[in-house]
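**Q** The following comprises the amino acid sequence and a computationally predicted model.
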Amino acid sequence: LQPIHVVGGGLAGSEASWQIAQAGVPVVLHEMRPVRGTDAHKTDGLAELVCSNSFRSDDAETNAVGLLHQEMRSLGSLIMAKGDAHQVPAGGALAVDRDGFSDAVTGALEAHPLVTIERGEIAGLPPEDWSSVIVATGPLTSPALAEAVLSLTGEKELAFFDAIAPIVYRESINMDVAWFQSRYDKVGPGGTGKDYINCPMTKEQYEAFVDALLTGDKTEFKDWENTPYFDGCLPIEVMAERGRETLRHGPMKPVGLTDPRNPDVKPYAIVQLRQDNALGTLFNMVGFQTKLKYGAQTGIFRMIPGLENAEFARLGGIHRNTYLNSPKLLDPTLRLQAMPRLRFAGQITGCEGYVESAAIGLMTGRFAAAERLGRALPPLPATTALGALINHITGGHIETIDEGPRSFQPMNVNFGLFPPITFTAKDENGKRLRGPAKTIAKKRALTDRARADLAAWKAGQDMPAAAE
Ligand code: FAD
């Protein structure tokens, strides 16, 4: 069998290599460190964790990333096995000893008879005689490779300031205060004139909000992130620093919107939220990209009327990132449509986070191995955490109703990506559940469905038993 080449030995590339080798297919893993470094990595170990040492919640019953852990374990994930083996105490989260973890991943891959590790940068398109390649070079992909990939895509850019606006669960927005309306009732393609959720503010509320933005704790940029802002995606706190009225004339302008409950009262400012996924379960805060620290963000954004009890699927942030416009460019098995011998995995596909990157590596590795072995993998149900994440990357995302250069944004796994579910919102005595108890019942129903559907998918696949 010809080997599959994996470029990048981070979270995704290490997991992909392991899955390929476990399926009985030889793999060559190319990692540029230590020959060439990145601005964030500090060692030459595979699967180095560049920042926190947390894989986040390990609760597979009521947490989407916990469910993803469980699914990955059940599919023989190397990253999860070594994470579990090098766990450090962290409450309900799975945190790991970063050096022990990275050494263990490196050791397992070095010891595998079907894995060859080559150290060196792939500084351009992979050679033509590599018939199957997985590019897993992450948010800090070396510029030579990023440019070569960019030239294949017809896109203008691949490396971005990842200006991320927070995303809120629709069901946590108080619609007694907020209302649906598009500015000037404008009906765009696929729209209804009621596409945005609007949260009104009085003058006093606006002033207090601006004060909170100005004094809130900010994340400082690292030197390597010292790329100029595009004026189109300034962080909201930087806009606030430019003048107290700037936001009211920018993303918080109140024009063209009328509160149906108070048609005669003109709000002083309005925060808009735009639908973020096809299911309509997630809404992003328009223009609210921010580098406020996470703790500060929750407190400040809950000052917005209608968002008092907002639950966030993702908080805002800004860092350099390299990722493809995947819904447009990749096929359902993560192949580049313009050059199908190239597959992509990890953060470069537009997922966010260590676990998600490894999860996409796991599936991409399986897709590539199945292809090489001439076997078909049935499509992964979108009701599983792995399937929901792949669905987000390869097409579950809607093209927004709004203008804007590009709407696809990196995303952590979360329940908003799962298809809706009907469930019994009653306790054992038949009493109707409300509030947090109802939310928990819904999450349990989602994770139960995911487990059943993953088990059925596993039973239907035709891969060598060694893969698990
Ligand atoms: P990486 O783990 O970065 O692996 C990519 C590998 O490819 C690297 O080893 C790199 O050296 C190699 N490479 C790059 N170009 C080439 C080339 N041309 N040839 C050969 N090798 C190459 N996520 C979290 O969950 N928690 C965090 O705290 C967190 N903090 C982050 C902090 C920063 C500064 C950044 C940039 C990202 C952070 N992320 C975090 C997001 C993301 O989950 C991680 O970056 C994750 O490591 C991505 O996995 P990956 O496998 O896609 O990329």
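**A** Now that the structure is in, tell me what you want to look at.
**Q** Look at I173 and report its pLDDT.
**A** If you check I173, the pLDDT there is 97.
**Q** Check the one 4 residues further on too.
**A** Note for V177: predicted pLDDT of 97.
**Q** Let me know the secondary structure of it.
**A** Classification of V177 using DSSP: H, G, I helix; E, B strand; the rest coil returns coil.
**Q** That one contacts P305, correct?
**A** Yes: the pair V177 / P305 is scored as a contact, 4.9 Å apart, by C-beta atoms under 8 Å. All C-beta spots, glycine's among them, are computed from the backbone N, C-alpha and C.
**Q** Would you tell me whether stretch 348-368 gets close to the ligand?
**A** Yes: using C-beta under 6 Å from any ligand atom, stretch 348-368 reaches the ligand at I348, G353, Y354, S357.
**Q** Mind picking the lowest-pLDDT entry from the residues you listed?
**A** Here the lowest pLDDT out of the residues of stretch 348-368 next to the ligand sits on G353, with 91.
**Q** excluding its backbone neighbours, what's nearest that residue?
**A** If the residues on either side of it in the chain are set aside, G353 comes closest to N412, at 5.0 Å by C-beta to C-beta, 6 or more residues apart in numbering.
**Q** swap in D103?
**A** G45 (6.3 Å).
**Q** Next: V177.
**A** Closest to V177 by C-beta to C-beta, 6+ apart is G306, at 4.0 Å.
**Q** That neighbour belongs to a helix, doesn't it?
**A** No: read with three-state DSSP, G306 is coil and lies in no helix.
**Q** So, low pLDDT: which residues of the stretch 201-350 of the chain?
**A** 220-233, 278, 319 (pLDDT under 70).
**Q** at 80 what do you get?
**A** Across the stretch 201-350 of the chain, the ranges flagged by pLDDT under 80 are 218-234, 276-279, 317-320.
**Q** Contact partners for the residue of the stretch 51-200 of the chain at minimum distance from the ligand?
**A** Closest residue of the stretch 51-200 of the chain to the ligand, C-beta to the nearest ligand atom: G138 (2.3 Å). Residues near G138 by C-beta atoms under 8 Å, 6 or more residues apart in numbering: G8, G10, L11, A12, T38, T322, G346, Q347, I348, S357.
**Q** Also T281?
**A** Neighbours of T281 in contact, by C-beta under 8 Å, 6+ apart: Y169, R170, E171, F415, G416, P420.
**Q** which one of those has the most neighbours?
**A** Within those, G416 tops the neighbour count with 24 neighbours, counted by other C-beta atoms under 10 Å.
**Q** what sits against it?
**A** I167, Y169, R170, D276, N277, L279, T281, L282, A313.
**Q** so how many other residues sit close to the residue in the stretch 301-450 of the chain positioned nearest to the ligand?
**A** Nearest to the ligand in the stretch 301-450 of the chain, going by C-beta to the nearest ligand atom, is G346, at a distance of 2.4 Å. The burial count assigned to G346 is 31, neighbours taken as other C-beta under 10 Å.
**Q** mind listing the strands for the stretch 101-250 of the chain?
**A** Ranges of strands in the stretch 101-250 of the chain, per DSSP state E, counting those that start in this stretch, are 115-119, 133-135, 159-164, 167-169, 179-180, 196-201.
**Q** next one: the stretch 301-450 of the chain
**A** 312-314, 317-322, 335-336, 339-344.
**Q** Quick check, central residue of the chain?
**A** For the chain, M411 is the residue whose C-alpha lies nearest the centre (C-alpha atoms, centre = their mean; 1.9 Å).
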